[in-house]
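In: this one's structure only:
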Ligand SMILES: *[C@@H]1O[C@H](CO)[C@@H](O)[C@H](O)[C@H]1NC(C)=O
Ligand SMILES: *[C@@H]1O[C@H](CO)[C@@H](O)[C@H](O)[C@H]1NC(C)=O
Ligand SMILES: *[C@@H]1O[C@H](CO)[C@@H](O)[C@H](O)[C@H]1NC(C)=O
Ligand SMILES: *[C@@H]1O[C@H](CO)[C@@H](O)[C@H](O)[C@H]1NC(C)=O
């Protein structure tokens with residue numbers, strides 16, 4: 001009898017959740033006025049996040065009045081209280097989080113693109129796994145890339161020690177090797193305050209780089225990823241093999257923004273992710289996340305980090321606004337190094353065949 005009651009009850013809850021899920025959606029915006037990166041006067045190309053306290057603007061907050069000891073608190077401590085206060089004051093359907101979006105350090109694919117030049121890289125070399133001396137398929141970090149991640153590590157430790165910054169309450173990472181390595185070097189071995197969330201990032205498919213036909217955007221299999229970092233959780237449903245990369249068609253920006261939003265929705269729908277969230281990802285993917293958050297464009301150099309104060313409002317009882325996404329497109333390339341690239345594609349050398357059509361899988 002008792003058992004029947006419990007089951008009926010959970011069935012009821014499930015049904016209402018399904019209803020809610022259909023009739024609600026999350027709307028994101030960036031709250032400006034707190035970080036230099038939000039200001040039009042800040043030039044992303046020369047910005048060094050380690051020189052200016054992550055970009056946190058020196059200012060007072062209305063929540064300072066709640067802190068009797070505000071004189072002794074650092075800017076980051078007072079800002080954390082501000083974020084707590086914003087959440088306390090807001091309706092149930094509104095939440096605020098600070099995302100720390102970190103780009104991986106330099107990978108072998110970045111080095112190769114500089115070496116060959118972008119046209120030759122895009123039109124030919126990037127479609128190969130490597131050139132015999134260097135491998136860039138699912139690229140690993142170069143020594144310079146490891147040094148950039150160590151710089152991020154040292155800066156986090158500095159901020160923890162000097163600013164008493166609140167460390168991330170949760171960590172997420174793209175499944176590509178260069179981001180796994182970057183997150184590891186950045187956050188392993190930090191001396192965190194007692195009670196902090198231990199660093200065990202959730203490996204999440206949808207935080208991966210824009211999926212082009214380049215082999216650096218093809219991820220390794222799950223077995224390999226798990227063997228590299230056996231203690232790190234991998235999200236449910238993560239497939240053994242990469243089922244998204246085709247080597248023929250590339251993801252469009254609008255399609256990418258939809259999956260970036262799906263990833264953000266899962267972070268913001270989970271009540272255990274806390275107010276400060278770290279995401280280790282990629283240049284193209286962080287650009288997409290910033291578009292979804294309504295943040296101005298801010299391109300990061302390899303290894304750099306940008307904090308964003310995000311407001312997420314759950315809009316109830318209204319259908320999700322429809323979004324038009326462009327289907328993935330075939331990416332033209334050449335079968336030998338090209339003459340050059342043009343906005344519409346690649347100009348192949350006379351000896352090379354332009355590849356402009358999808359490969360039709362042959363059935364046995
Ligand atoms: C805030 O002030 C401190 C010195 O009090 C300075 O080191 C820091 O760079 C300033 N931050 C910004 C973002 O201007
Ligand atoms: C392969 O590319 C790297 C740059 O990433 C370069 O240093 C190396 O010389 C290239 N190897 C060959 C055989 O061209
Ligand atoms: C993780 O980072 C630590 C500290 O930098 C390093 O010693 C270790 O080799 C890294 N692990 C992997 C699998 O890269
Ligand atoms: C997974 O990838 C690794 C490294 O690329 C490879 O050695 C291994 O055979 C693959 N495992 C499976 C199950 O395909």
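Out: Here it is on my side, so go on. Given the structure is predicted, the values throughout are model-derived calculations rather than measurements. Ligands and ions are numbered 1, 2, ... in the order given.

In: what bridges to the nearest residue to residue 119 once chain neighbours are set aside?
Out: Among residues not flanking residue 119 along the chain, residue 341 sits closest, at 3.7 Å (Cβ to Cβ, 6 or more residues apart in numbering). Using the backbone N, CA and C atoms, a C-beta is placed for each residue, glycine as well. Beta-bridge pairing of residue 341 under DSSP bridges involves residue 346.

In: Count the residues that sit near residue 341.
Out: 20 (other Cβ atoms under 10 Å).

In: Which of the three states applies to the one residue in the stretch 151-300 of the chain that gets nearest to ligand 3?
Out: Of all residues in the stretch 151-300 of the chain, the one sitting closest to ligand 3 is residue 184 (3.8 Å; Cβ to the nearest ligand atom). Taken by DSSP: H, G, I helix; E, B strand; the rest coil, the conformation at residue 184 corresponds to helix.

In: Touching, it and residue 200? I think so.
Out: No: using Cβ atoms under 8 Å as the test, residue 184 is too far from residue 200 to be in contact (11.0 Å).

In: higher neighbour count, the two?
Out: residue 184 (20 against 12).

In: And residue 289, how far from residue 268?
Out: 12 Å (Cβ to Cβ, to the nearest Å).

In: Which one's more surrounded, the two?
Out: Higher neighbour count among residue 289 and residue 268: residue 289, with 26 against 18, using other Cβ under 10 Å.

In: And the pLDDT at the more buried one?
Out: For residue 289, the model assigns a pLDDT of 98.

In: I figured it hits residue 101, correct?
Out: Yes: using Cβ under 8 Å, residue 289 makes contact with residue 101 at a distance of 6.3 Å.

In: per-residue confidence at the spatially most central residue of the chain?
Out: Centroid-nearest residue in the chain, with Cα atoms, centre = their mean: residue 281, separated by 3.9 Å. Predicted confidence (pLDDT) for residue 281: 98.

In: residues in contact with it?
Out: 101, 102, 103, 104, 173, 174, 179, 207, 208, 209, 289 (Cβ atoms under 8 Å, 6 or more residues apart in numbering).

In: Buried among those? Make that a PyMOL selection.
Out: Buried members of the contacts of residue 281, defined by 16 or more other Cβ atoms under 10 Å, are picked up in PyMOL with:
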select buried, resi 101+102+103+104+173+174+179+207+208+209+289
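
In: Among the contacts of residue 281, which are located in strands?
Out: If you go by DSSP state E, the contacts of residue 281 have 101, 102, 103, 173 in strands.

In: How about the residues of the stretch 1-150 of the chain by ligand 1?
Out: 36, 52, 53, 57, 58 (Cβ under 6 Å from any ligand atom).

In: Run a quick check on the second one versus residue 39, I expect a contact.
Out: Looking back up the chat, that one is residue 52. No: shown here, residue 52 and residue 39 do not form a contact pair, counting by Cβ under 8 Å, at 11.8 Å.
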